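Okay, here's the prediction I keep looking at, along with the sequence it came from:
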Amino acid sequence: MAFIIAAISLAGAIALLLWGTRMVQTGVQRAFGPRLRVVLGRALDNRAKAFLAGIGVTAALQSSTATGLMVAGFAAGGVVAAVPALAVMLGANLGTTLIVQVLSFDIGFLSPLLVLAGFLMFRRDPASVAHDLGRAAIGLGLMLLALRQLMELMAPLETSPVLRQLLTLVSVVPLLDVLLAAALTWATHSSVAVVLLTMSLAGHGILPPEAAFAMVLGANLGSAINPLLEGTRRDDPAARRVPLGNLLNRVVGLAIALPLLPWIAGWAGGAEPARAVALFHTGFNLVLAAAFLPLLTPYAALLRRWLPERPSAADPARPIYLDPAAQRVPAVALG
């Protein structure tokens, strides 16, 4: 009976973390969504600005998935070229690590203050920005509260021989940790929540460093799946270039990092486990961005070769106003 109560409490804390993450995302989207979309659209004329815009927009939305879906929509409509779109995705993957860095510190004492301030703001006019920001503040407070609950619930589990044996078996095969975290991230649409959960497990010694880093790799992989499945038009292969390119650079990074995990875990052994997980999450995305940004032009050319436009879309005899992609651009559709 005690095990059932503990399992329900743990599931409830994880659900609260996911719900808090969702409230932050929706609150910021409702407050600044159109403005963030405009900022993102204006920054897509070169890769450097696009990369920085990806970091900023994702840091505000707390969701690389949301940024990925926006960019996939731009690219599918022909509004933006593949190179700056891929640069945005590299920035988005780095931007989503910022909230993890903040929450890796012990700031749980701010939870009641955030919920109270958010509640007072939420009572304002529903059409106001303050109302939506209040929702985001409540969500952030709930995230901190959920993390504190997870720490309290997991403390007794440190001495559980059954759990330790189970995690030891899983840790022997890091690929299982990758697949588990990728599935969780895909299902929850939140790599932030999965990485925070991993930090909590590692911080209590329940998850060894190598397995924790493998789960971070899985979370990064899972965050690239949703834009590919949900943000593309099935009838045009070219619309899948950006989300597929983002997924492939995740796969390449994972394939390189996975064999190095024992060395990385040994090198990070002196750091506090939760902080080590957060630093690895940021470091992985920094290295990928540094490696892929200079190669985006040939990479985009390769994606165009793999996923060419439909013949009808590339046909010069076809009137441009009949092209669904062109109709999404007012200046073209009305011209």
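Good, I have the coordinates.

the helices in the stretch 51-200 of the chain, which residues?
Counting by DSSP state H, counting those that start in this stretch, the stretch 51-200 of the chain has helices at residues 64-76, 82-103, 111-122, 129-154, 161-171, 174-188, 191-203.

rank those by pLDDT, which is bottom?
Lowest mean pLDDT within those: helix 161-171, a mean of 68.

The longest helix that the chain contains packs against which elements?
In terms of residue count, the longest helix belonging to the chain (DSSP state H) is helix 2-42. Applying 3 or more CB pairs under 8 Å, 6 or more residues apart in numbering; DSSP states H and E, we find helix 2-42 packed against helix 47-61, helix 64-76, helix 129-154, helix 191-203. No exception for glycine: its C-beta is placed from N, CA and C like everyone else's.

right, so of the ones you listed, which gets closest to residue 8?
Ranking the helices and strands packed on helix 2-42 by distance to residue 8, with CB to CB as the measure, places helix 129-154 first at 10.4 Å.

Just the buried positions in the closest one, please.
By neighbour count on 16 or more other CB atoms under 10 Å, the buried set for helix 129-154 is 131-151, 153-154.

do stretch 180-196 as well
Buried residues in stretch 180-196, counted by 16+ other CB under 10 Å: 180-182, 184-186, 188-196.

Name the nearest of these relative to residue 248.
Checking these against residue 248 by CB to CB gives residue 182 as the nearest, at 14.5 Å.

residues contacting the closest one?
218, 219, 221, 222, 225 (CB atoms under 8 Å, 6 or more residues apart in numbering).

Out of those, show me where the pLDDT dips lowest.
Least confident entry in the contacts of residue 182, by pLDDT: residue 225, with 89.

ok, so what distance separates the residue nearest to that one when sequence neighbours are not counted from residue 223?
Using CB to CB, 6 or more residues apart in numbering and skipping residues adjacent in sequence, the residue nearest residue 225 is residue 186, 4.8 Å away. From residue 186 across to residue 223, the span is 8 Å (CB to CB, to the nearest Å).

Give me the below-cutoff pLDDT ranges for the stretch 201-335 of the chain.
Confidence mapping of the stretch 201-335 of the chain against pLDDT under 70 gives the ranges 231-235, 269, 311-335.

Pull the contacting residues for the residue nearest the centre of the chain.
For the chain, the residue nearest the mean C-alpha position is residue 64 (3.8 Å; CA atoms, centre = their mean). Neighbouring residues of residue 64 by CB under 8 Å, 6+ apart: 58, 89, 92, 93, 95, 96, 191, 223.

who's in contact with residue 113?
Neighbouring residues of residue 113 by CB under 8 Å, 6+ apart: residue 141.
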